[in-house]
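Colleague: this one's structure only:
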């Protein structure tokens with residue numbers, strides 16, 4: 001601990017920035033796990049990033065559901081069924097394509 005007191009302030013600042021970057025990196029790995037980003041971030045920051053990594057590896061994977069929606073490029077309405085053109089815009093006599101939107105829900 002005494003080496004931190006005698007350390008150059010610029011070097012101490014760089015070590016702290018590096019530590020926080022490692023903590024952010026480890027916590028991003030927890031995105032798809034049941035533990036989540038926030039818990040992993042706090043655990044990694046308070047203890048060590050290695051502890052956060054062990055926590056991530058031991059927690060189960062979240063159940064991901066992939067859904068696809070289709071959004072009109074003109075009016076912005078979304079549909080769950082695939083159409084050639086937007087049904088609302090077709091009623092007005094306009095033909096606008098639907099854009100595919102892929103979503104992940106937990």
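Modeller: It's in. On a predicted model such as this, the values are computed, not experimentally measured, just so you know.

Colleague: Residue 10 versus residue 56, what's the distance?
Modeller: 32 Å (Cβ to Cβ, to the nearest Å). Where you see a C-beta, it was placed from the backbone N, CA and C, and this is true even at glycine.

Colleague: Repeat that for residue 90.
Modeller: Separation of residue 90 from residue 10 (Cβ to Cβ): 64 Å.

Colleague: Just want the most central residue of this structure.
Modeller: Nearest residue to the geometric centre of the chain (Cα atoms, centre = their mean): residue 31, 5.8 Å.

Colleague: Let me know whether that one touches residue 41 as I believe.
Modeller: No. Using Cβ atoms under 8 Å, residue 31 is not in contact with residue 41, being 10.8 Å away.

Colleague: Relative to the whole chain's centre, how far out is stretch 69-88?
Modeller: Computed by Cα atoms, centre = their mean, to the nearest Å, the chain-centroid distance of stretch 69-88 equals 26 Å.

Colleague: What are the buried residues along that stretch?
Modeller: Neighbour-count burial for stretch 69-88, counted by 16 or more other Cβ atoms under 10 Å, picks out 70, 72, 74, 86.

Colleague: Tell me who's in contact with the last one.
Modeller: Think residue 86. By Cβ atoms under 8 Å, 6 or more residues apart in numbering, residue 86 lies in contact with 72, 74-75, 77, 79, 94, 96-98.

Colleague: domain ranges for the chain?
Modeller: For the chain, automatic domain parsing gives the domain ranges 8-58, 65-105.

Colleague: Could I get the full set of strands for the chain?
Modeller: Ranges of strands within the chain are 65-72, 78-79, 98-105, based on DSSP state E.

Colleague: Kindly state which of those is positioned closest to residue 36.
Modeller: strand 98-105 (14.6 Å; Cβ to Cβ).
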